[in-house]
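Peer 1: Below: sequence and its predicted model.
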Amino acid sequence: MAVSSSPLTAGSTRGPRKAGRRRTIGTGSWQGWLFVAPGLLGLILFVIAPLIGSLVLGFFNYSLIGGGTFTGFHNFVALVHDPLFLNSLVVTTIFVAVYTPLNILLSLSMALWLRTRLAGKAGLRVLFLIPALSPMVANAAVFRLILQQNGALNDALRMIGIGPIPWLSSGSWALTAIILVSLWQSFGYNMIVLSAGLDSISPDVIEAAKLDGAGSFRRLFSVTLPLLSPSVFFATVLTVIGSWQVFVQAYIITGGGPGQSTTTIVMYLYETAFSYDQLGYASAIAAALFVIIALTTLVQVWGQKKWVHYD
Amino acid sequence: MMLSLRVRQPRQPASAHGRVIRTLATGIAVGLAVSMSGCSAAGSATSGMSGKTVKMFTWVGNSDESAQWTAYINGGKLADPSLSVNFSGPAIGSYYTKLPTQLQGTDAPCIVTLQNGQLAPYVNALEPLDAYMKEKGVNVGDYDPSMIKQLSSGGHVYALPYDAEPMVVYYNKKLFAAAGVKAPALDWTTADFLAAAKKTTRNGVYGFAIGQGIGAVGNFLAANNENYVSNDGKADLSNAALETRFQWLIDLARVYKVSQPLEASGGTFPDIDEFGSGQAAMFINGTWDLVHEQGMIGAHNLGVAVVPSDNGQPHGSIAGTGYAMTKSCSDKKAAFAAIAAMTSSKSEQSVAKSRSQVPSRADSLGAWQSSVGPEAAAVVKVLTANGQVGATATNGNEINTLFTQYEVDGFSGKSTAAEVLKDVSAGLGQ
């Protein structure tokens, strides 16, 4: 009986532990925050803080060397009356409006083509992706030489009786050249995204459509594309965001010229900030661009309800 | 009990959320403070120094420029054997874009290099050198006065020049001989220049390669003693001489067909490329480019001539570079000692012999003349005797950026020179 007074027995007299009171790793919300802290800290330090800092700078006449003075909304008001900014807005809008559909169309066509019974399609997929993986600056520098009046492209066109085309002397042709180079550079990425989307479509669904008598066009437009729409939406959103930020191609190939015909918003921002040392005004441009991109993306997200099918 | 739990459960997360929000807010505040202080807190106990080595930020676009800075440092060691300077930086095309960021960084360099006309935007981050010059016995009168004027502000000297070099016409002797054109005389005129350009334009080679930017027009303005910038740095883009010279430059390409029309291009030097690859018989650049061009087309093949003027009596357009000291430099005495050594007679004479750069000190010109041969020496003598460092616009970077973009419209025939200048003018001051 003495055994009954053992610690074990004595312990048992305290009654059962309340399981709900026990704190275990992973049940409290602070542990969750701990896990996301590294990423969150990076987001705060490298995205949110600079974003707020940039917005604050927009209210100053600020230069790196000379410091700054508070000017209120002056920079933002000046933007509306700045013909160079308005021009860059038009140039970038044209770029977005032309480049985005062409990019999606080209990458979708290539993805569909590479889905057919084609010999060496894995190699072709890699080949088309290479431009997207290579540095834009290097590509742009090469294209600058190719696009010159006496460059390789005009030489090639001359052989088939075309041109010479003033790729770098005419405003409209220069913007066309920037769009074409951007397409060459970037369609491979979307092609891979859309290829993955196509691969995820169940063959059974396509087969069922065939059995129902749907032809190839009907299958494409009534089955494949609706099922691919989430991937198309994803690619479109990212492409539009990237398009608004186009910079390197114009900076390297044309320097924004002829005139202001290829001066995009980011290029104008860059010139304002680092060539003219007007960081406050450049920050106002950055804020305007942020709003434009946010609004465009919101419109796309709102519009997806009408054409994106997740089932 | 259950009720109690239900009431208390939401409170605990709410409290945790509150803490998290406070932590986030603190984090953002600290982050902003850190980022803002990073923008403004230039300078530290070791700023601009690496041990006893002085850090210099300059343009280093190729091996030739790297060799130039090494030559000045080695030359400086002849005057001060303890001199220790290391240098780094981007190509000249992006140098002035990156300089403000460097000057405001937590480890700003002690020495930066500035070309004439580039002092004004950076003067607030630079240390006046007058007191250091007095203490070390450096006499400002030893340096080219026009360069000193360009590197001074508010009555203070902010940089000491190491060179004062005129713009010259480089020509390809082989292409001239093949076209039956004599070497340009020291008093050749604009008409002579055009005649030479016409004759050498053959077999896919252009007579003259036009450089990008308003400086290309400025060369011909300076040769004719004209300028569109007032002494207080205000540019007059409606200046008649500027318009006339620019239209003539456009006509070289469009009317006389002796030059390749300029096309849109970002940050390149098409004239240097054309001349160096033998696609043009002439182009204009400073004498600092002499060694580079000798390397490109061969020393025996490279000729040097004055920039032509209408009356055959050209005025030289002098350009040069100086070493400036940053305010944030942690060892200003060491930095100035380095500047003094690199601009000393011994250093400049050494570099004049090894790299043919026209020194900024009158006492070193003899060494340069004996090293470059009679043709270049005679050309530089004419140009410096009648030369000056032209005034540059305070908003020169902005003007040049816009001019470079819009001038293409002139060369494509879309606009006249006057229209291009009007477009540039309209784009300024936004």
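Peer 2: Ah, there it is.

Peer 1: So residue B:66 sits against residue B:60, correct?
Peer 2: Yes. Using Cβ atoms under 8 Å, residue B:66 is in contact with residue B:60, at 5.3 Å. The way it works is simple: take the backbone N, C-alpha and C, and place the C-beta from them, glycine included.

Peer 1: out of the two, which sits in the busier spot?
Peer 2: residue B:60 (19 against 16; other Cβ atoms under 10 Å in any protein chain shown).

Peer 1: can you pull the pLDDT of the more buried one?
Peer 2: Here the pLDDT value assigned to residue B:60 is 93.

Peer 1: quick one, what contacts it?
Peer 2: For residue B:60, the contacting residues are B:66, B:69, B:87-91, by Cβ atoms under 8 Å, 6 or more residues apart in numbering or on different chains.

Peer 1: if we go to 7 Å?
Peer 2: B:66, B:69, B:87-89 (Cβ atoms under 7 Å, 6 or more residues apart in numbering or on different chains).

Peer 1: Look at the most centrally placed residue in chain B and report its pLDDT.
Peer 2: Compute the mean C-alpha point of chain B, and by Cα atoms, centre = their mean the closest residue is residue B:115, 4.7 Å away. According to the prediction, residue B:115 has pLDDT 89.

Peer 1: and what of residue B:195?
Peer 2: Looking at residue B:195, its pLDDT reads 97.

Peer 1: tell me, how many neighbours does it end up with?
Peer 2: Using other Cβ under 10 Å, residue B:195 has 15 neighbouring residues.

Peer 1: contacting residues for the nearest residue to residue B:311 once chain neighbours are set aside?
Peer 2: Nearest non-adjacent residue to residue B:311, counting by Cβ to Cβ, 6 or more residues apart in numbering or on different chains: residue B:189, 6.9 Å away. Each residue near residue B:189 by Cβ under 7 Å, 6+ apart is listed here: B:308-312.

Peer 1: And the pLDDT for residue B:189?
Peer 2: Residue B:189 is assigned 96 on the pLDDT scale.

Peer 1: picking up where we left off before, can you pick the most crowded of the contacts of residue B:189?
Peer 2: That'd be residue B:308 among these, by other Cβ under 10 Å, with 25 neighbours.

Peer 1: Got the phi and psi for it?
Peer 2: phi -70, psi 150 (degrees, to the nearest 10).

Peer 1: so who does it touch?
Peer 2: Counting by Cβ under 7 Å, 6+ apart, residue B:308 touches B:188-190, B:192-193, B:223, B:314.

Peer 1: Swap in 10 Å and give it another go.
Peer 2: Contact analysis of residue B:308 by Cβ atoms under 10 Å, 6 or more residues apart in numbering or on different chains lists B:169, B:184-185, B:187-194, B:196, B:219-220, B:223-224, B:284, B:314.

Peer 1: In the stretch 151-300 of chain A, where is pLDDT below threshold?
Peer 2: Counting by pLDDT under 70, the stretch 151-300 of chain A has no low-confidence residues at all.

Peer 1: What about residue 55? Give its phi and psi, please.
Peer 2: Because you didn't say which chain, this covers chain A. Dihedral angles (degrees, to the nearest 10) for residue A:55: phi -60, psi -40.

Peer 1: Chain B was what I was after
Peer 2: phi -90, psi 130.

Peer 1: Pretty sure it sits against residue B:85.
Peer 2: Yes. Counting by Cβ atoms under 10 Å, residue B:55 touches residue B:85, with 7.8 Å between them.

Peer 1: who touches both of the two?
Peer 2: With Cβ under 10 Å, 6+ apart as the test, residue B:55 and residue B:85 both reach B:110-111, B:335, B:338.

Peer 1: how about a markdown table for the residues you listed, with pLDDT and neighbour count added?
Peer 2: Putting these into a markdown table (pLDDT from 0 to 100; neighbours: other Cβ atoms under 10 Å in any protein chain shown) gives the following:
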| residue | pLDDT | neighbour count |
| --- | --- | --- |
| B:110 | 96 | 29 |
| B:111 | 96 | 23 |
| B:335 | 96 | 27 |
| B:338 | 96 | 26 |
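
Peer 1: show me the residues around residue A:61 that make contact.
Peer 2: Contacts for residue A:61 (Cβ under 10 Å, 6+ apart) come out as A:67-71, A:74-75, A:278-281.

Peer 1: got the residue ranges for the strands in the chain?
Peer 2: Assuming you mean chain A. Taking DSSP state E as the test, the strands found in chain A are A:60-63, A:67-70.

Peer 1: wait, chain B
Peer 2: Counting by DSSP E, residue ranges of the strands within chain B are B:49-50, B:53-57, B:85-88, B:111-115, B:152-153, B:156-157, B:159-161, B:165-172, B:206-208, B:280-286, B:302-305, B:318-319, B:321-325.

Peer 1: Could you tell me the least trusted of those?
Peer 2: Note on the strands of chain B: lowest mean pLDDT is at strand B:318-319, with a mean of 87.

Peer 1: Low-confidence ranges, chain B, go.
Peer 2: Where chain B drops to pLDDT under 70, the residues are B:1-45, B:267, B:429-430.

Peer 1: Any part of stretch B:50-59 near chain A?
Peer 2: No. On the criterion Cβ under 10 Å from any Cβ of the partner chain, stretch B:50-59 is out of touch with chain A, staying 14.2 Å away.

Peer 1: Check which residues of that stretch are buried.
Peer 2: For stretch B:50-59, burial by neighbour count (16 or more other Cβ atoms under 10 Å in any protein chain shown) applies to B:54-59.

Peer 1: now do stretch B:287-298
Peer 2: So stretch B:287-298, judged by 16+ other Cβ under 10 Å, has buried residues B:287-293, B:296-297.

Peer 1: Out of the residues you listed, which comes closest to chain A?
Peer 2: residue B:296 (17.9 Å; Cβ to the nearest Cβ).

Peer 1: that older thread, can you list the strands of chain A in CSV and add distance to residue B:380 and mean pLDDT?
Peer 2: As requested, these are exported to CSV (distance: least, Cβ to Cβ, whole Å; pLDDT from 0 to 100):
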stretch, distance to residue B:380, mean pLDDT
strand A:60-63, 38, 90
strand A:67-70, 42, 86
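
Peer 1: Single out the most deeply packed of the ones you listed.
Peer 2: strand A:60-63 (a mean of 20; mean count of other Cβ atoms under 10 Å in any protein chain shown).

Peer 1: and it, which strands flank it?
Peer 2: When pairing is defined by DSSP bridges, strand A:60-63 lines up against strand A:67-70 (antiparallel).

Peer 1: ok, residues contacting the partner strand?
Peer 2: The contact list for strand A:67-70 (Cβ under 10 Å, 6+ apart) reads A:56-57, A:59-63, A:279-280, B:39-40, B:124.

Peer 1: rerun at 7 Å
Peer 2: In contact with strand A:67-70 (Cβ under 7 Å, 6+ apart) are residues A:59-62, A:280.

Peer 1: And for stretch A:185-201?
Peer 2: A:103-104, A:106-108, A:110-111, A:114-115, A:125, A:128-129, A:131-132, A:136, A:139, A:224, A:227-228, A:231-232, A:234-235, A:239.

Peer 1: Can you give me the neighbour number for residue A:43?
Peer 2: Using other Cβ under 10 Å, residue A:43 has 12 neighbouring residues.

Peer 1: er, residue A:154 I mean
Peer 2: Counted by other Cβ under 10 Å, the residues lying close to residue A:154 total 19.

Peer 1: any idea how far residue A:155 is from the closest residue to it other than its chain neighbours?
Peer 2: Sequence neighbours aside, residue A:164 is the residue nearest to residue A:154 in space, at 4.1 Å (criterion: Cβ to Cβ, 6+ apart). Distance check for residue A:164 against residue A:155: by Cβ to Cβ, to the nearest Å, it reads 9 Å.
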